[in-house]
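In: with the sequence up front, the predicted model follows.
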Amino acid sequence: MSAAEGPLVVGVDTSTQSTKALVVDASTGRVVAGGQAPHTVSSGAGRESDPRQWWDALGEALRQCGDAAREAAAVSIGGQQHGLVTLDAQGEPVRPALLWNDVRSAPQARRLTEELGGAKFWAERTGSVPAASFTVTKWAWLAEHEPENLRATKAVRLPHDYLTERLTGQGTTDRGDVSGTGWWASATETYDDEILTHVGLDPALLPRVVRPGEVAGTVRDGHDLPFAKGTLVAPGTGDNAAAALGLGLRPGTAVLSLGTSGTVYAVSERRPTDPTGTVAGFADAHGDWLPLACTLNCTLAVDRVAALLGLDREAVAPTDVTLLPYLDGERTPNLPNASGLLHGLRHDTTGGQLLQAAYDGAVHALLGALDLVLDEDADRSTPLLLIGGGARGTAWQQTVRRLSGRPVQVPEAKELVALGAAAQAAGLLTGESPGAVARRWNTAAGPVLDAVERDEAALARISGVLSDASPLLERGTDPS
């Protein structure tokens with residue numbers, strides 16, 4: 001047996017690039033063991049993955065955890081959002097999953113918005129205006145481009161649903177992940193019959209939505225994972241909702257997640273409905289809401305600029321140059337065909353100044369949505385929680401402080417998606433809410449960096465360039 005004070009639980013993060021598993025002591029939050037295995041993602045016009053490799057990666061990650069995984073009393077899967085998993089009558093993938101960052105369905109997103117009452121209809125009905133990342137647009141793309149695969153589909157799942165179903169044998173999802181599909185009505189918390197009829201999706205193909213705190217099922221026989229038959233399986237959720245659980249997030253505290261893409265979100269007790277489409281009105285995994293804005297260009301774009309300049313990512317210098325690092329198009333602001341834009345280059349401009357300009361452009365896009373995700377009565381002086389791969393980078397920290405004018409807290413806990421899933425699994429055993437579990441584990445603890453004076457001049461300069469260049473950015477270059 002492991003030297004644990006309480007029962008052990010497993011939290012899983014199945015992300016775009018890999019699956020990670022943590023074995024956690026439910027009593028203390030101590031990580032007893034961990035493992036990770038990679039996925040492959042297609043290149044070219046689309047972004048696709050074979051769901052079966054997620055299962056194989058889960059098995060490998062759990063094997064790396066050793067005996068501790070076999071002792072687990074409960075498990076929960078957190079996963080990348082929006083991906084379209086189509087299964088045949090035998091439960092096998094009809095085709096590779098269309099991932100969240102596959103933007104081929106941008107024309108379908110525009111068409112669906114226009115055909116069903118416009119942006120206001122979608123925001124009020126589902127909480128969000130369809131974007132190319134959303135599952136409903138991918139289903140519409142499949143119907144248009146691969147009708148034979150559509151006809152062969154007998155079940156539609158999200159990535160975390162797929163793994164949960166292979167564990168339990170039951171088709172389930174949760175309110176946090178299903179709120180990012182575009183076919184779930186947030187006001188009634190049910191599947192939206194009008195939208196499903198419009199896109200030709202039979203609701204019988206969709207999983208049951210498990211409520212927060214409900215057991216999704218138990219581990220069945222016939223798998224090759226190190227779980228005992230009867231191990232409890234929690235509902236699981238999408239990655240952002242899982243990270244919010246992992247932080248024990250309360251209403252009014254904003255999170256900036258610095259990864260390949262950037263996100264800013266906060267828990268709210270009010271159902272979001274933003275007709276501009278900037279804020280996605282997601283549900284959280286507890287019973288509240290998780291208004292969220294996402295940028296496509298964050299750490300990867302800045303690292304690309306550093307590589308082009310031959311610089312270490314920390315080799316920045318104060319700058320008056322403006323760089324909008326929209327290397328993959330952009331979602332916030334909504335400029336899907338944009339490319340990067342540089343303004344203010346001089347003879348004496350240095351590489352370090354260009355690199356700082358890339359940081360500034362990426363953070364400006366995130367901070368532009370910050371006030372939109374926070375409730376009007378939220379305290380704007382509370383620290384921003386900085387998480388994700390870039391959160392421990394000094395240049396990222398200093399840029400967020402300078403452009404936000406707010407204190408920044410960097411949680412020491414790593415793998416917050418997997419920790420949030422583990423907290424959800426622990427809640428099944430203790431009867432606590434996952435947020436209460438995470439707060440008991442003190443997962444948000446970490447150094448707080450004091451506020452500095454907000455750089456209003458830089459914010460105004462970047463906003464001005466963005467406004468002046470909008471026609472050029474909107475015209476852009478279509479990556480397809």
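Out: Nice, thanks for sending it over.
In: what about residue 252, neighbour count?
Out: Summarising burial for residue 252: neighbours were counted as other CB atoms under 10 Å, giving 16. In short, each C-beta sits where N, CA and C put it, glycine included.
In: please name the nearest non-neighbouring residue to it.
Out: residue 378 (4.2 Å; CB to CB, 6 or more residues apart in numbering).
In: surely the one you found and residue 267 touch.
Out: No: Residue 378 is beyond contact range of residue 267, at 10.3 Å (criterion: CB atoms under 8 Å).
In: which residues do those two both contact?
Out: When contacts are counted by CB atoms under 8 Å, 6 or more residues apart in numbering, residue 378 and residue 267 have 251, 252 as shared neighbours.
In: circling back: tell me how far the residue nearest to residue 252 lies from residue 371.
Out: Residue 378 sits 9 Å away from residue 371, going by CB to CB, to the nearest Å.
In: so between these two, which is more surrounded?
Out: Between residue 378 and residue 371, counting by other CB under 10 Å, residue 378 is the more crowded of the two (16 against 12).
In: before we move on, which element is that one in?
Out: Secondary structure here is read from DSSP states H and E; on that basis residue 378 sits in neither a helix nor a strand.
In: same deal with residue 339?
Out: Residue 339 belongs to no helix or strand when assigned by DSSP H and E.
In: mind checking pLDDT for it?
Out: Residue 339 is assigned 92 on the pLDDT scale.
In: count the neighbours of it for me.
Out: 17.
In: the one 4 residues further on too?
Out: Neighbour count of residue 343, defined by other CB under 10 Å: 16.
In: beta partners of it?
Out: When bridges are called by DSSP bridges, residue 343 pairs up with residue 322.
In: how far away is the residue in the chain sticking out farthest from the centre from residue 271?
Out: For the chain, the C-alpha lying farthest from the average C-alpha position belongs to residue 347; by CA atoms, centre = their mean, that distance is 40.6 Å. Shown here: residue 347 relative to residue 271, a distance of 53 Å by CB to CB.
In: quick check: the residue nearest to residue 252 vs residue 51, distance?
Out: 38 Å.
In: kindly report the same for residue 172.
Out: Distance of residue 172 to residue 51, given as CB to CB: 16 Å.
In: again with residue 269
Out: Distance check for residue 269 against residue 51: by CB to CB, it reads 35 Å.
In: ends of stretch 147-164, what's the gap?
Out: 27 Å (CA to CA, to the nearest Å).
In: how far off centre is it?
Out: 20 Å (CA atoms, centre = their mean, to the nearest Å).
In: list the buried residues of it.
Out: By neighbour count, with 16 or more other CB atoms under 10 Å as the criterion, the buried positions of stretch 147-164 are 150, 153, 155, 156, 157, 158, 159, 160, 161, 162, 163, 164.
In: for that stretch, give the mean pLDDT please.
Out: Model confidence over stretch 147-164, given as mean pLDDT, is 98.
In: and if you look at stretch 232-242?
Out: When the per-residue pLDDT values of stretch 232-242 are averaged, the result is 96.
In: the longest helix seen in the chain packs against which elements?
Out: Longest helix in the chain by number of residues (criterion: DSSP state H): helix 351-367. For helix 351-367, the helices and strands in contact under the criterion 3 or more CB pairs under 8 Å, 6 or more residues apart in numbering; DSSP states H and E are strand 262-266, strand 289-295, helix 299-309, strand 322-324, helix 394-404, helix 456-468.
In: adjacent strands (with direction) for the first one?
Out: Based on DSSP bridges, the pairing partners of strand 262-266 within the sheet are strand 254-258 (antiparallel), strand 289-295 (antiparallel).
In: identify the residues contacting it?
Out: Among residues not part of strand 262-266, those counted as contacts by CB under 8 Å, 6+ apart are 240, 244, 249, 251-257, 282, 290-295, 297-299, 362, 365-367, 369-370, 373-375, 378, 388.
In: off-centre distance for that strand?
Out: From the chain centre to the centre of strand 262-266 is a distance of 9 Å (CA atoms, centre = their mean).
In: okay, buried residues for it please.
Out: The neighbour-count criterion (16+ other CB under 10 Å) identifies 262, 263, 264, 265, 266 as the buried residues of strand 262-266.
In: once you drop chain neighbours, what's closest to the first one?
Out: In space, residue 262 comes closest to residue 298 once its chain neighbours are excluded; the distance is 3.5 Å by CB to CB, 6+ apart.
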